[in-house]
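S.K.: Need coordinates for the following:
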Amino acid sequence: MSVFDNDVEIADSKTNNDDKIPLLTIDKYIKFLFRSEKQALIRFINSVLGESYDPDTTVLVDLNTEFIQPNYTPSTEEQSESDILDLENIIADMIFSLNGVTYHIEFQTKADKTIVIRIMSYGIGFALDEMLKNSDLAVLEIPVPVLIQIDRDDNLPDKIPVQLKLSGRDDVLPFEITVIKLWTFGIDDLLSREFYLLLPFMLAKHRKRSVSADDIEAFRKDLRDVEKAISDLYDNGRIYSYLRTNLRAMTNNIAKSINARYFRNNANLDKELNTMASTRFLFAQEYEALGEARGVALTTQIVKLFLGKETPIDISKQLCISLDSVNEILVKAGLIEE
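M.R.: All right, here's what the predicted structure looks like:
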């Protein structure tokens with residue numbers, strides 16, 4: 001998994017046709033931050049799902065999120081085979097593995113009744129994609145799903161129950177989609193649960209069509225509280241410098257977008273935002289450092305499994321990486337011949 005996706009747009013280029021004010025797309029911002037630090041993402045998964053991964057040594061692998069979903073249309077004598085099969089791309093937000101266990105995080109800004117169907121479609125699309133890569137695989141293995149909901153939806157449960165069932169059979173395979181309802185959390189809640197990556201999005205609740213002076217003051221207070229929380233995390237050694245930088249930059253970007261779009265560029269707030277320490281998003285140095293550390297962890301994991309009598313192909317399946325990559329590392333370690 002790369003630390004950053006270089007093609008992620010931080011400032012949304014979309015504008016409102018009436019007044020040319022930039023529109024805020026919270027889901028893009030979240031996907032950017034969730035790809036910015038391995039340790040923070042692992043801590044998030046540990047807290048949400050009760051896992052116990054070591055943030056420093058766990059092998060994290062970014063996985064494919066784009067799948068082809070076939071849509072079949074009834075055949076007629078005039079149709080060719082290519083006319084009958086219509087292929088549609090479906091793209092999940094994040095799918096990754098931790099020590100070979102696959103997880104799926106989906107972000108949703110507004111309420112959507114089809115979210116369960118979409119999450120299931122992404123999961124099954126991923127499972128079918130894995131089966132196509134390995135013809136010996138006869139198990140439909142779906143990633144563990146987590147939904148992060150930004151805007152308030154009182155009808156959304158903490159866990160969405162799902163059941164898989166064969167027609168005419170009594171047995172069912174139950175599982176659930178864990179839901180993080182951001183509007184139910186305060187800053188202290190995010191800190192206590194190690195949901196550091198969600199801190200800047202505490203400002204999202206201030207997206208309102210009509211605002212008052214009290215609304216702007218409440219926004220300013222939340223902004224200062226988020227800034228302080230990020231600084232305290234860094235001062236206490238709970239996050240690294242690159243995550244602090246990106247959290248602060250993201251917070252400032254979101255605040256400026258909300259001020260422009262909803263507060264009509266409130267002069268006092270704009271002045272405060274401009275006087276805050278300006279920070280840029282970090283890419284190169286931290287990318288290289290994390291990449292090197294992650295490579296060491298991956299090599300250690302592969303060597304340990306190989307010495308434990310696992311075959312290269314079993315290691316490949318377990319860690320969700322290519323067999324060529326496993327063999328390359330084992331050759332470099334002197335454990336197999338090229």
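S.K.: Show me where the stretch 201-338 of the chain dips below the pLDDT cut-off.
M.R.: Scanning the stretch 201-338 of the chain for pLDDT under 70 picks out 276-296, 320-321.
S.K.: now do the stretch 1-150 of the chain
M.R.: Per-residue confidence of the stretch 1-150 of the chain (counting by pLDDT under 70) places the weak regions at 1-25, 68-89, 135, 137.
S.K.: All the strands of it, residue numbers only.
M.R.: 60-62, 66-72, 85-91, 94-98, 101-108, 144-149 (DSSP state E, counting those that start in this stretch).
S.K.: In contact with Pro55, which residues are there?
M.R.: The neighbours of Pro55, taking C-beta atoms under 8 Å, 6 or more residues apart in numbering as the test, are Lys38, Gln39, Ala40, Ile42, Arg43, Asn46. All C-beta atoms are positioned from the backbone trio N, CA, C, and that covers glycine.
S.K.: Show me where the stretch 151-300 of the chain has its helices.
M.R.: Shown for the stretch 151-300 of the chain, the helices assigned by DSSP state H, counting those that start in this stretch span residues 187-192, 213-235, 241-261, 267-275, 284-307.
S.K.: Can you say which of those is packed in most?
M.R.: Across the helices of the stretch 151-300 of the chain, the average number of neighbours (mean count of other C-beta atoms under 10 Å) peaks for helix 241-261, which reaches a mean of 21.
S.K.: May I have that helix as CSV, with CA atoms only?
M.R.: In CSV, the C-alpha atoms belonging to helix 241-261 read as follows (Å, rounded to 0.1, in the frame of the first residue of the first chain):
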residue,chain,number,x,y,z
SER,A,241,5.3,14.4,12.4
TYR,A,242,4.0,13.5,8.9
LEU,A,243,0.5,12.6,10.3
ARG,A,244,0.4,15.7,12.4
THR,A,245,1.3,17.8,9.3
ASN,A,246,-1.4,16.1,7.1
LEU,A,247,-4.1,16.3,9.9
ARG,A,248,-3.4,20.0,10.3
ALA,A,249,-3.3,20.7,6.6
MET,A,250,-6.5,18.7,6.1
THR,A,251,-8.2,20.6,9.0
ASN,A,252,-7.3,23.9,7.4
ASN,A,253,-8.5,22.9,4.0
ILE,A,254,-11.8,21.7,5.3
ALA,A,255,-12.2,24.9,7.4
LYS,A,256,-11.5,27.1,4.4
SER,A,257,-13.9,25.2,2.2
ILE,A,258,-16.7,25.5,4.8
ASN,A,259,-16.0,29.2,5.3
ALA,A,260,-16.2,29.8,1.6
ARG,A,261,-19.2,27.6,0.8
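S.K.: middle-most residue in this structure, spatially?
M.R.: Taking C-alpha atoms, centre = their mean, the centroid of the chain lies closest to Met94, which sits 4.4 Å from it.
S.K.: Show me the beta-bridge partners of that one.
M.R.: Beta-bridge pairing of Met94 under DSSP bridges involves Ile105.
S.K.: Identify whichever of the strands of the stretch 1-150 of the chain lies nearest to Lys28.
M.R.: For these, distance to Lys28 was read as C-beta to C-beta. The smallest value, 9.1 Å, belongs to strand 101-108.
S.K.: same for that closest one, what does it pack against?
M.R.: helix 26-34, strand 94-98, helix 115-133, strand 144-149 (3 or more C-beta pairs under 8 Å, 6 or more residues apart in numbering; DSSP states H and E).
S.K.: domain parsing for this structure?
M.R.: Structural domains of the chain, as assigned by automatic domain parsing, span the residue ranges 37-184, 283-338.
S.K.: how deep is the closest residue to Ala218 other than its chain neighbours tucked in, by neighbour count?
M.R.: Spatially, and ignoring its direct neighbours in sequence, Ala218 is nearest to His206 (7.2 Å; C-beta to C-beta, 6 or more residues apart in numbering). Counted with other C-beta atoms under 10 Å, the neighbours of His206 add up to 20.
S.K.: if I pick His206, what's in contact with it?
M.R.: Asp215, Ala218, Phe219, Asp222, Ile258, Tyr262.
S.K.: Surely the fifth one touches Lys205?
M.R.: Going back to what we said before, that points to Ile258. No. In terms of C-beta atoms under 8 Å, Ile258 does not count as a neighbour of Lys205; the distance is 10.0 Å.
S.K.: out of the domains of the chain, nearest to Asn252?
M.R.: Taking C-beta to C-beta as the measure, the domains of the chain were each checked against Asn252, and domain 283-338 came out nearest at 17.1 Å.
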